[in-house]
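Undergrad: Based on what follows, work out the 3D shape:
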Amino acid sequence: PVGGEQKMDRDLVIEFLRDEEAQEQIVFEAWDFGGQEVFYALHHLFLSPLGVYCLLFNMEWMVGGEGKRGEALAFVDFWLNSIFLHTQSDDGRCAPILLIGTHKDRVKEAGQHE
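TA: Okay, here's the model as predicted:
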């Protein structure tokens, strides 16, 4: 462990995935949380420091009018805070979060992608 944190050896994982005779498996699961408020009370039951979280958002909303942009930013902020709150460790770190913008093809100007 480095700094009290245990890391997976990348080469070991690749070797394991290539070994067709391996007795154990590496399992990846993807869960799609309902983003509607009615489901918010259940999210904490599924959030874990051992997960990797993909936070998807519609890029069109970020360049829409100020009202739409404000709603989109509030949505992203809510999820970032929720994941942080429910996955943080004693040292204040949280599970990895990947921000993924969708609908890039509908956001035409390069400056809008910043």
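
Undergrad: What segments of the chain are strands?
TA: Using DSSP state E, the strands found in the chain span residues 53-58, 97-102.

Undergrad: wait, doesn't residue 72 sit right on residue 58?
TA: Yes. Contact criterion Cβ atoms under 8 Å: residue 72 and residue 58 qualify, at 6.9 Å. For every residue, glycine as well, the C-beta is placed using N, CA and C.

Undergrad: now the strands of the chain in JSON lines, with mean pLDDT, mean neighbour count and distance to residue 24?
TA: Shown next, in JSON lines, are the strands of the chain (pLDDT from 0 to 100; neighbours: other Cβ atoms under 10 Å; distance: least, Cβ to Cβ, whole Å):
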{"stretch": "strand 53-58", "mean pLDDT": "91", "mean neighbour count": "16", "distance to residue 24": "25"}
{"stretch": "strand 97-102", "mean pLDDT": "92", "mean neighbour count": "12", "distance to residue 24": "26"}
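
Undergrad: Any chance of the ones you listed in JSON lines with distance to residue 18 as columns?
TA: Formatted as JSON lines, the strands of the chain follow (distance: least, Cβ to Cβ, whole Å):
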{"stretch": "strand 53-58", "distance to residue 18": "25"}
{"stretch": "strand 97-102", "distance to residue 18": "25"}
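
Undergrad: so which of the ones you listed gets nearest residue 11?
TA: Residue 11 lies closest to strand 97-102 among these, at 22.3 Å (Cβ to Cβ).

Undergrad: Just name whatever secondary elements the closest one is in contact with.
TA: For strand 97-102, the elements it packs on are strand 53-58, helix 59-63, helix 66-87, judged by 3 or more Cβ pairs under 8 Å, 6 or more residues apart in numbering; DSSP states H and E.

Undergrad: cutoff 7 Å now
TA: Packing contacts for strand 97-102, counted by 3 or more Cβ pairs under 7 Å, 6 or more residues apart in numbering; DSSP states H and E, involve strand 53-58.

Undergrad: and the angle from the strand it packs on to helix 66-87?
TA: Between the axes of strand 53-58 and helix 66-87, defined by axes from the mean of the first three to the mean of the last three Cα atoms, to 10 degrees, the angle is 170 degrees.

Undergrad: Many thanks, I have nothing further to ask.
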